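Q: how would this look folded up:
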Amino acid sequence: MNGSARPKIPRRLLDGVLLLDKPLGLSSNDALIRAKRIYLVKKAGHTGTLDPLATGLLPLCFGEATKFSQDLLEADKTYEATMRLGVRTTTGDAEGEALQTREVTCDEAAIHAAMAHFRGEIAQVPPMYSALKRDGKPLYEYARAGQTVEREARNVTIHALEMIACALPDVTFRVTCSKGTYVRTLAEDIGEKLGCGAHLVALRRTGVGALTLEHAVTLETLAEATQAERDSWLQPVDALLTTFPAVHLDADATRRFAQGQRLKLSEIADAPAEAGRVRVYAIDDQRLLGVARAGEGVLAPERLVVSTV
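A: Numbering: from 1, shown residues only. The predicted structure is shown next:
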């Protein structure tokens, strides 16, 4: 037996949501690995990738929270971005090579007017440098090989779009958008509307659903903190579910729901008036039981939390 072998460090069973402020240049997966190592947690996952060139809010799920990470993939996102007018690049951002340079003749009023065209539902053609797959291969692999493939335009929704700073040729804006929106494509399209082209030079995510950067921490802060401090920064599992209405079950209904049984909505005092997904709690101790779908007179369990109580 090798006497120099290091003893295995036990991993922790930990449930919660870490709001990480991801640094520039680190992939979402690498950020997850580092946070998982710092917390010594057994099970962890993230809620959708943030490009290495982007910074900001990356919610990480530990333990039971991983069951609900998909719900944040569907959530709206908010970003602060800076685009540079006058230059188009191969990738749509500062990582690519310049494709075309044009004179910037627009003013702030023209930029405001151009942005107005991109509010609401719009069609976007996904960029070649993206992880979308064609015939099982990511588009960026075709792009790196010098190939361009046809991409269908997809409808996305721009809920809010406003300019927050203008120092031409750079323009900084804030956007809240639906899932699947490419902010660098939005910057490129605004640039084309202005007749000068554009590419993205900075991107920071400030919101995912109801979660914001307000309570986010950096990897550096986590590394220097005590275990108690780290654990205090974890949000509860249901932080991922705040957009869903809440229902509360009595002891008998709690037992049946935890066994995966469907319940009659007529038995539930605060049953929702409309059909849809809900978060479900035990009324006695306010424990999260899981997520269910209400409709057609029943509450049907979808994903259950394994109780540690």
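
Q: look up how far residue 201 lies from the residue nearest to residue 157 when sequence neighbours are not counted.
A: Spatially, and ignoring its direct neighbours in sequence, residue 157 is nearest to residue 178 (4.1 Å; CB to CB, 6 or more residues apart in numbering). All C-beta spots, glycine's among them, are computed from the backbone N, C-alpha and C. Distance of residue 178 to residue 201, computed by CB to CB, to the nearest Å: 24 Å.

Q: and those two? Which one has more around it.
A: Higher neighbour count among residue 178 and residue 201: residue 201, with 20 against 15, using other CB atoms under 10 Å.

Q: could you point out which element follows the helix or strand hosting the more buried one?
A: Here residue 201, judged by DSSP states H and E, is contained in strand 198-208. Once the chain leaves strand 198-208, the next helix or strand it forms, by DSSP H and E, is strand 211-212.

Q: would you map the strands across the stretch 101-250 of the chain?
A: 120-124, 133-134, 137-138, 154-167, 170-177, 198-208, 211-212, 246-249 (DSSP state E, counting those that start in this stretch).

Q: any chance of the ones you listed in TSV, plus distance to residue 66?
A: Shown next, in TSV, are these (distance: least, CB to CB, whole Å):
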stretch	distance to residue 66
strand 120-124	30
strand 133-134	23
strand 137-138	24
strand 154-167	26
strand 170-177	25
strand 198-208	16
strand 211-212	16
strand 246-249	21
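
Q: most tightly surrounded among the ones you listed?
A: strand 198-208 (a mean of 22; mean count of other CB atoms under 10 Å).

Q: other SSEs contacting that strand?
A: strand 54-62, strand 77-85, strand 87-89, strand 170-177, helix 183-194 (3 or more CB pairs under 8 Å, 6 or more residues apart in numbering; DSSP states H and E).

Q: most tightly packed of those?
A: Among these, ranked by average contacts under mean count of other CB under 10 Å, first place goes to strand 54-62 (a mean of 24).

Q: give me the contact list for the very next helix or strand once past that one.
A: Next along the chain after strand 54-62, taking DSSP H and E as the criterion, comes helix 69-73. For helix 69-73, contacts defined as CB atoms under 8 Å, 6 or more residues apart in numbering pick out 45-48, 59, 61, 179, 208-209, 211, 240-241, 291.

Q: repeat that with 10 Å
A: Residues outside helix 69-73 that contact it (CB atoms under 10 Å, 6 or more residues apart in numbering) are 17, 44-49, 59-61, 65, 179-180, 208-211, 239-241, 243-244, 277, 279, 291, 303.

Q: list the buried ones in it?
A: 69, 71-72 (16 or more other CB atoms under 10 Å).

Q: now swap in stretch 45-54 and tell me
A: Neighbour-count burial for stretch 45-54, counted by 16+ other CB under 10 Å, picks out 45-48, 50-54.

Q: redo the residues you listed as TSV? Include secondary structure, pLDDT and distance to residue 106.
A: Listed next are these as TSV, based on DSSP: H, G, I helix; E, B strand; the rest coil; pLDDT from 0 to 100; distance: CB to CB, whole Å:
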residue	secondary structure	pLDDT	distance to residue 106
45	strand	88	43
46	strand	84	38
47	coil	80	37
48	coil	77	33
50	coil	85	30
51	coil	85	27
52	coil	86	31
53	coil	87	25
54	strand	93	26
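
Q: widest-spaced pair of these?
A: 45 and 53 (22.1 Å; CB to CB).

Q: can you list the domains in this structure?
A: For the chain, automatic domain parsing gives the domain ranges 16-75+210-239, 77-208, 244-304.

Q: would a markdown table of the ones you listed with distance to residue 9 be doable?
A: Formatted as a markdown table, those follow (distance: least, CB to CB, whole Å):
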| stretch | distance to residue 9 |
| --- | --- |
| domain 16-75+210-239 | 6 |
| domain 77-208 | 31 |
| domain 244-304 | 29 |
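
Q: wait, which of the ones you listed is closest to residue 8?
A: Among these, domain 16-75+210-239 sits nearest to residue 8 (CB to CB), with 11.0 Å.

Q: ends of that closest one, how far apart?
A: Start to finish, the residues bounding domain 16-75+210-239 are 8 Å apart (CA to CA, to the nearest Å).

Q: beta partners for the residue lying closest to residue 274 once chain neighbours are set aside?
A: Nearest-residue entry for residue 274: residue 294, 7.9 Å, with adjacent residues in sequence omitted and distances by CB to CB, 6+ apart. Counting by DSSP bridges, residue 294 is bridged to residue 276, residue 299.

Q: my guess is residue 294 contacts residue 266. True?
A: No: between residue 294 and residue 266 there is no contact under CB atoms under 10 Å: 11.7 Å.
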